[in-house]
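>>> Pasting the sequence and the predicted model now:
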Amino acid sequence: MTDKKTALITGASGGIGESLCSVFRNDGYKVIALDRAEKLVDADFFIKADLDKICSDNDYCLEIICHIESLLRSSHGLDVLINNAAIQAIRPIAKITVADWNQTLNVNLISPFLLTQKLFLFLEKAGGSVINISSIHAKLTKPEFSCYATSKAALVGLTKSMAVELGSKVRINAICPAAVSTPMLLAGFDDQGEAYEILSSMHPVGRIAEPSEVAKLALFLASKDAQFINGASLELDGGIGSRLHDPV
């Protein structure tokens, strides 16, 4: 029997992460879910890991990588690594600290690099790909998102540079979603139904994205039908990135 394809998904306990796990597992993938929060997700294996600590503690990084490798050793390799985990330090510029920068860059940028670097041989063995979940904030942002927007813009740059260097062996692509209907986003609109409707209407399609739409695009990028897509940053934004906002 042919080995199942394998996907490693970070940030698996979040709204988009849960959908990624379900969509890939329903497509026949063996799913390894990774998150710092222990939560029941649709996965074959769950690894509790702190991506900030992976970037600052070499021994801890080795421990987590060894755990992942132990799950991959008997397989044909790693078919897709989805770097989905992210944090937001929403602060006015005057209140941003070095600690905010360090944690944001560690989780949103350096950990995707490290996981790709450390697991490269397994990705190469499977002829696999890496999918980085970036954000519309890589190109368009708003006040108090300096740390987040910078990290996501850098993740797009990392995607391009790694694709150029590794593209003959492992494809690297990014997805840049606009607003997505996750529990975290919806919680921010409790008792603010009008504000939610305004946000939805700002997208030319008239709504915000569903987590499954991010997951299905990732599934396509990981598929054989996407073999010539490399170094791309696909905007999943409902058209809001093309809209001119002015008072008239």
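Great, that's in hand. Residues are numbered from 1 along each chain as shown.

>>> Now name the helix or strand holding the closest residue in space to Thr159 that isn't next to it in sequence.
Distance criterion C-beta to C-beta, 6 or more residues apart in numbering; nearest residue to Thr159, sequence neighbours excluded, is Ala174 at 4.2 Å. C-beta coordinates here come from the backbone N, C-alpha and C atoms, glycine included. Applying DSSP states H and E as the criterion places Ala174 in strand 171-177.

>>> Kindly report the same for Tyr148.
Assigned by DSSP H and E, Tyr148 falls in helix 146-166.

>>> Go ahead and flag the most central residue of this protein.
Asn84 (2.1 Å; C-alpha atoms, centre = their mean).

>>> circling back to that earlier point, now do the helix holding Tyr148 against strand 171-177: the angle between them, please.
150 degrees (axes from the mean of the first three to the mean of the last three C-alpha atoms, to 10 degrees).

>>> average model confidence for helix 146-166?
For helix 146-166, mean pLDDT rounds to 98.

>>> Now that helix: buried residues?
146-156, 158-160, 162-163, 166 (16 or more other C-beta atoms under 10 Å).

>>> Just the C-alpha atoms of that helix, please, in PDB.
Provided in PDB are the C-alpha atoms of helix 146-166 (Å, rounded to 0.1, in the frame of the first residue of the first chain):
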ATOM      1  CA  SER A 146       3.500  47.600  12.800                       C
ATOM      2  CA  CYS A 147       4.900  44.400  14.200                       C
ATOM      3  CA  TYR A 148       2.400  42.100  12.500                       C
ATOM      4  CA  ALA A 149       2.500  43.800   9.100                       C
ATOM      5  CA  THR A 150       6.300  43.900   9.100                       C
ATOM      6  CA  SER A 151       6.500  40.200   9.900                       C
ATOM      7  CA  LYS A 152       4.000  39.200   7.300                       C
ATOM      8  CA  ALA A 153       5.800  41.400   4.600                       C
ATOM      9  CA  ALA A 154       9.000  39.700   5.600                       C
ATOM     10  CA  LEU A 155       7.400  36.300   5.300                       C
ATOM     11  CA  VAL A 156       6.400  37.100   1.700                       C
ATOM     12  CA  GLY A 157      10.000  38.100   1.000                       C
ATOM     13  CA  LEU A 158      11.200  34.900   2.600                       C
ATOM     14  CA  THR A 159       8.800  32.900   0.500                       C
ATOM     15  CA  LYS A 160      10.200  34.400  -2.700                       C
ATOM     16  CA  SER A 161      13.900  34.000  -1.700                       C
ATOM     17  CA  MET A 162      13.500  30.400  -0.600                       C
ATOM     18  CA  ALA A 163      11.600  29.600  -3.800                       C
ATOM     19  CA  VAL A 164      14.400  30.900  -5.900                       C
ATOM     20  CA  GLU A 165      17.000  28.900  -4.000                       C
ATOM     21  CA  LEU A 166      15.100  25.700  -3.300                       C
END
